[in-house]
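# pasting a predicted model and its sequence here:
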Amino acid sequence: MKCPGQDSRFWKPGDIFETRCPECGAEVEFFKDDTARRCPHCGHRFVNPKMDFGCAAYCPYAEQCLGDMPAELAAEREELFKDRVAVAMKRYFKKDFRRIGHAGRVARYAEEIGKEEKGNLGLILTTAYLHDIGLHEAERLHPGQADRYHEETGPAVAREILQGLGAKPELVEEVTNIIGRHHHPGPDDSLSFKIVFDADRIVNMEEAIKAAETEEQRAALIQRIRGKPFLTLAGQEVARRVLREGE
């Protein structure tokens, strides 16, 4: 059975259209199921500007359905995957809204830092959403010591979630490797590790400042935090902003 979205029997007026080439401005005809076309005037190949690639973020048959996907679509597919990871994280934590909120804030800062550092946002955000996913299992195995052991328990839980979502093996390996030591940087850390580390440190810093009971405690905490190192320039800048806002 052909996907209804790609079956011409279900098409409507406007599903065959013309758009201007972004290089030379010539008119290029597109069918709605074209992933990309080459401009007959200048030869530039570009992605269909009206195509909805949402299904390609999760469908295991995307390549067969859409054909030879251009690089732009492959990148978009990986980035869209993080939305499904976010949903899976929330389902796993259920009513643990504190940890859901923490993961969401880490992902938000990781995205900001990742854009500045030109990182792989699909990998970075997937890791950010799952970086503390081992906490519940650590609490079960080591009551009262979850923070100490969740790096050990996290990779297995993350692996199960990612494999269930159909993640590529190389993405699973990169994400679980970072999760397994996300509080322990080393000399050979990848850019993705550094970005997630900085984002997590910023959120932990932010939460500690908000939890301070007096102005004196808050001021002392901010002063102590100022000396902590960050692994990226963008992370350092975001941390400075958060500290200014906390003062």
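Structure received.

# the protein: strands as residue ranges?
Secondary structure of the chain, counting by DSSP state E: strands at 16-20, 27-31, 36-38, 45-47.

# any chance of the ones you listed in TSV, plus distance to Asp198?
Glycine gets a C-beta too; all of them are placed from N, C-alpha and C. Formatted as TSV, the strands of the chain follow (distance: least, Cβ to Cβ, whole Å):
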stretch	distance to Asp198
strand 16-20	40
strand 27-31	41
strand 36-38	36
strand 45-47	32
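
# comparing the ones you listed, which yields the minimum mean pLDDT?
Here the lowest mean pLDDT among these goes to strand 45-47, at a mean of 79.

# name the helices or strands packed onto it?
Secondary-structure packing of strand 45-47 (3 or more Cβ pairs under 8 Å, 6 or more residues apart in numbering; DSSP states H and E): strand 36-38.

# list the buried residues of the strand it packs on.
Residues 36-37 are the ones in strand 36-38 that count as buried (16 or more other Cβ atoms under 10 Å).

# strand partners (parallel or antiparallel) of it?
strand 45-47 (antiparallel) (DSSP bridges).

# before we move on, the earlier item: go through the strands of the chain and name the closest to Val203.
Distance to Val203, taken as Cβ to Cβ, is lowest for strand 45-47 among the strands of the chain, at 34.7 Å.

# only the buried residues of the closest one, if you could.
46-47.

# just stretch 141-160 next, same as before
Buried-residue list, stretch 141-160, by 16+ other Cβ under 10 Å: 146, 149-151, 153-155, 157-159.

# likewise stretch 191-209?
Residues 191-203, 205-206, 208-209 are the ones in stretch 191-209 that count as buried (16+ other Cβ under 10 Å).

# again with stretch 238-247
238-239, 242-243, 246.

# quick one: contacts for the residue located most distally from the centre of the chain?
Using Cα atoms, centre = their mean, the residue of the chain lying farthest from its centre is His41. It sits 37.7 Å away. Taking Cβ atoms under 8 Å, 6 or more residues apart in numbering, we find His41 in contact with 21, 24, 26.

# any low-confidence regions in the chain?
Residues of the chain meeting the criterion pLDDT under 70: 1-12, 33, 35, 51-80, 246-247.

# if you set the cut-off to 80 instead, what comes out?
1-15, 32-36, 47-80, 212-213, 217-219, 221-228, 243-247 (pLDDT under 80).
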